[in-house]
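> generate coordinates for the sequence data below:
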Amino acid sequence: MKIKRGDGLNIVPFIDIMLVLLALVLSISTFVSQGKIKVDVPTASNVAQENQDEDKPIYIVVTEDNSIYIDDEQISEDKLESFIADIPNDKMVNFKGDKKSSLDRLVFVIDQLTKKGHNHDKFRIDTQRD
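Below is the predicted model:
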């Protein structure tokens, strides 16, 4: 049996399937949430962009019921003080507070960082764009 020179494997359907799979993966990956703890952050007109060159920042999250989480693990105020004392002064800290949470929690976290002498440019409050 002799194969004609023009005959060959048609890879166009394979490429179509791969493009559909790529589109599905890219669209699903945009829906992956930033964290495991549901927080409804307040909005702001000017939101700072995250610097990708730095190490992974520490996330301090305050939920609607004023529970404090550090990197998705719940922590008490006493343990938060000792945790903040161990953070290097040049480590980026992101604060994400629910808009129904108490302002007292934000002030507490900022106070602990300031007492320690944490760099002011290494603290960010996360909000969502209008």
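
> now the longest helix along the chain: mean pLDDT?
Within the chain, and with DSSP state H defining each element, the longest helix by residue count is helix 12-29. In this model, helix 12-29 has a mean pLDDT of 87.

> one more: stretch 96-106?
For stretch 96-106, mean pLDDT is 84.

> first vs last residue of that stretch, how far apart are they?
9 Å (CA to CA, to the nearest Å).

> that stretch: how far from the chain's middle?
With CA atoms, centre = their mean, to the nearest Å as the basis, stretch 96-106 stands 17 Å off its chain's centre.

> likewise for stretch 68-84?
Put simply, stretch 68-84 sits 17 Å off its chain's centre (CA atoms, centre = their mean).

> repeat for stretch 17-28
That offset, for stretch 17-28, works out to 23 Å (CA atoms, centre = their mean).

> where does residue 74 fall, phi/psi-wise?
Per-residue torsions, residue 74: phi -70, psi 140 (degrees, to the nearest 10).

> so it makes contact with residue 67?
Yes: between residue 74 and residue 67 there is a contact at 5.8 Å, judged by CB atoms under 8 Å. Every residue, glycine included, has its C-beta placed from N, CA and C.

> and these two? Which one has more around it.
residue 67 (15 against 12; other CB atoms under 10 Å).

> local confidence estimate at the more buried one?
At residue 67, pLDDT is 88.

> all helices of this structure, in order?
Ranges of helices in the chain, per DSSP H, are 12-29, 77-86, 103-116.

> can you mark which positions in the longest helix of the chain are buried?
By 16 or more other CB atoms under 10 Å, helix 12-29 has no buried positions at all.

> how far off centre is that helix?
With CA atoms, centre = their mean as the basis, helix 12-29 stands 26 Å off its chain's centre.

> residue 82 and residue 116, how far apart?
Taking CB to CB, to the nearest Å as the criterion, residue 82 is separated from residue 116 by 11 Å.

> swap that for residue 57, sorry
Distance of residue 57 to residue 116, computed by CB to CB: 16 Å.

> between those two, point out the one with more neighbours.
Taking other CB under 10 Å, residue 57 and residue 116 do not tie; residue 57 has more neighbours (17 against 13).
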